[in-house]
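# Return atomic coordinates for the entry below.
(2 chains)
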Amino acid sequence: DAGVTQSPTHLIKTRGQHVTLRCSPISGHKSVSWYQQVLGQGPQFIFQYYEKEERGRGNFPDRFSARQFPNYSSELNVNALLLGDSALYLCASTRDWVANTIYFGEGSWLTVV
Amino acid sequence: TQLLEQSPQFLSIQEGENLTVYCNSSSVFSSLQWYRQEPGEGPVLLVTVVTGGEVKKLKRLTFQFGDARKDSSLHITAAQPGDTGLYLCAGRNAGGTSYGKLTFGQGTILTVHP
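Numbers count the residues shown, from 1 in each chain, chains lettered A, B, ... in the order given. A predicted model of the protein is given here:
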């Protein structure tokens, strides 16, 4: 079975633009979480979704939003991009929202210029 | 706000040496995960510890979860150049509105010289 898959792997955007990042969890996993990892730091929690409902939100501005689809895949949207949004965006997959084993995708590298 | 203090931040050793990385917090976690991350890639899960006092071994790596589930350690025996990478500990929330949230430490960059 495939692991967590994310797309695109790399992208460059201009300040003020909008970006959509996509994630497909491991087959059979129903919960997806999003994390932001700035260079030199550990990942920071953005959102968790389970069964298409938001189950947790980190300390990020309203420019960040996400959703989960019936097939459990997910999108992370960021509006009005700032230079500081440049980071590796990671998607994590778990069987359900209480499972302890959490797997990460390869990430989407976003550069805002 | 839950915090995980990971130390040391940098570790540069010779092949064959032993090392220990620590993660400490004042908060209780339902579980703790250790990941290894290569440059430009996502974190790869090494182990999950759940029970206070639990010890898990993965070849030359030994992971321990503190009795109170607030701290953890990773010990590597006879380090090899292939062990080089960023090691991250992450605690999973024990409750509240963000039950599934992982709180990460700052990471330890390990370099093992041949």
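# okay, and for chain A, where does confidence drop off?
A:1 (pLDDT under 70).
# Find the residue at the geometric middle of it.
Chain A has residue A:34 as the residue nearest its centroid, 3.2 Å off, counting by C-alpha atoms, centre = their mean.
# shouldn't it be in contact with residue A:90?
Yes - look at residue A:34 against residue A:90 with C-beta atoms under 8 Å: they come within range, at 7.2 Å. Heads up, the C-betas are built off the backbone N, CA and C, glycines and all.
# Okay, buried residues for stretch A:72-87 please.
Buried residues in stretch A:72-87, defined by neighbour count with 16 or more other C-beta atoms under 10 Å in any protein chain shown: A:72, A:74-76, A:78, A:81, A:85-87.
# Dump that stretch to CSV, restricted to CA.
Below are the C-alpha coordinates for stretch A:72-87, written out as CSV (Å, rounded to 0.1, in the frame of the first residue of the first chain):
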residue,chain,number,x,y,z
TYR,A,72,-10.5,11.0,3.5
SER,A,73,-8.1,13.0,1.3
SER,A,74,-7.5,16.6,2.4
GLU,A,75,-6.7,20.1,1.2
LEU,A,76,-4.8,22.8,3.0
ASN,A,77,-5.5,26.3,1.7
VAL,A,78,-3.5,29.4,2.6
ASN,A,79,-4.7,32.9,1.4
ALA,A,80,-2.8,36.2,1.1
LEU,A,81,0.6,34.5,1.3
LEU,A,82,3.3,36.1,3.3
LEU,A,83,7.1,35.6,3.1
GLY,A,84,6.9,33.9,6.5
ASP,A,85,4.6,31.2,5.1
SER,A,86,7.6,29.7,3.3
ALA,A,87,8.0,26.3,4.9
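# Wasn't the residue nearest to the centre of chain A part of a helix?
No - going by DSSP: H, G, I helix; E, B strand; the rest coil, the assignment for residue A:34 is strand, not a helix.
# Which residues are in contact with it?
Going by C-beta atoms under 8 Å, 6 or more residues apart in numbering or on different chains, residue A:34 touches A:23, A:45-48, A:66, A:74, A:76, A:89-92.
# Ok, residue A:33 next?
Contacts of residue A:33 by C-beta under 8 Å, 6+ apart are A:45-49, A:56, A:91-92, A:94, A:102, B:100-102.
# what about residue 38, how many neighbours?
Because you didn't say which chain, this covers chain A. Residues lying near residue A:38 (other C-beta atoms under 10 Å in any protein chain shown) number 13.
# look at chain B instead
Neighbours of residue B:38 (other C-beta under 10 Å): 11.
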